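Chemist: Here you go, sequence then predicted model.
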Amino acid sequence: MSFKANPNNRDFGAVKNENAIKQAVLNLVMTQPGEKPFQYEVGSRVTGLLFEPYDVFTGEAIKDEIQSTLARYETRIRVTSVSIRDGFDTNSIEVNVEYTIVGERVVKVIDFILERT
């Protein structure tokens, strides 16, 4: 869902194609298991891992969790790589996900920042 109004009917506009995939990836990563009604297994443990003391092992756990979550629940894409970079000075983690849409050869990239909330 996009919160931009459709100029024809003044209703919310729907997100389509590549933007829908980007939004779905972010939603999957930021949703905790048990948070989605009637689909209690959908989600990732990334939010919980953000509150662990950050070291190399926590970084790898976050990276692995993102890869496995997307492999299980987002069947429209194939993840080619996930890289993370810690931001000790800003208390955040920068995530870079490279993927291809099934049936296409072009590599797409999603960059986002994970923060404790």
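Modeler: That came through fine.
Chemist: Spatially central, which residue of this structure would that be?
Modeler: Compute the mean C-alpha point of the chain, and by CA atoms, centre = their mean the closest residue is Leu26, 3.0 Å away.
Chemist: Could you find the closest non-adjacent residue to it?
Modeler: Phe112 (6.0 Å; CB to CB, 6 or more residues apart in numbering). Every residue, glycine included, has its C-beta placed from N, CA and C.
Chemist: if we can go back for a sec, quick one, phi psi at the residue nearest to the centre of the chain?
Modeler: phi -60, psi -40 (degrees, to the nearest 10).
Chemist: what do you get for Gln39?
Modeler: For Gln39, the backbone dihedrals (degrees, to the nearest 10) come out as phi -130, psi 70.
Chemist: Tally up the residues packed near it, please.
Modeler: For Gln39, the neighbour count with other CB atoms under 10 Å is 12.
Chemist: Check the spacing between it and Ser68 real quick.
Modeler: 17 Å (CB to CB, to the nearest Å).
Chemist: swap in Glu115?
Modeler: 22 Å.
Chemist: again, but for Leu114
Modeler: Leu114 is 16 Å from Ser68, by CB to CB.
Chemist: Between the two, which has more neighbouring residues?
Modeler: Taking neighbours as other CB under 10 Å, Leu114 and Ser68 compare with Leu114 leading, 19 against 13.
Chemist: Who does the more buried one form a beta bridge with?
Modeler: For Leu114, the beta-bridge partners are Ile93 (DSSP bridges).
Chemist: quick one, what contacts it?
Modeler: Val29, Val46, Leu50, Ile62, Ser92, Ile93, Glu94, Val95 (CB atoms under 8 Å, 6 or more residues apart in numbering).
Chemist: Kindly recompute the last result at 7 Å.
Modeler: Contact analysis of Leu114 by CB atoms under 7 Å, 6 or more residues apart in numbering lists Val46, Leu50, Ser92, Ile93, Val95.
Chemist: Then Ile21?
Modeler: Counted by CB under 7 Å, 6+ apart, Ile21 has contacts Arg76, Ile77, Ile101.
Chemist: show me what contacts the nearest residue in space to the second one that is not next to it in sequence?
Modeler: Counting by CB to CB, 6+ apart, Ile77 lies nearest to Tyr99, which is 4.4 Å off, once chain neighbours are set aside. Shown in contact with Tyr99 (CB under 7 Å, 6+ apart): Ile77, Arg78, Val79, Thr80, Lys108.
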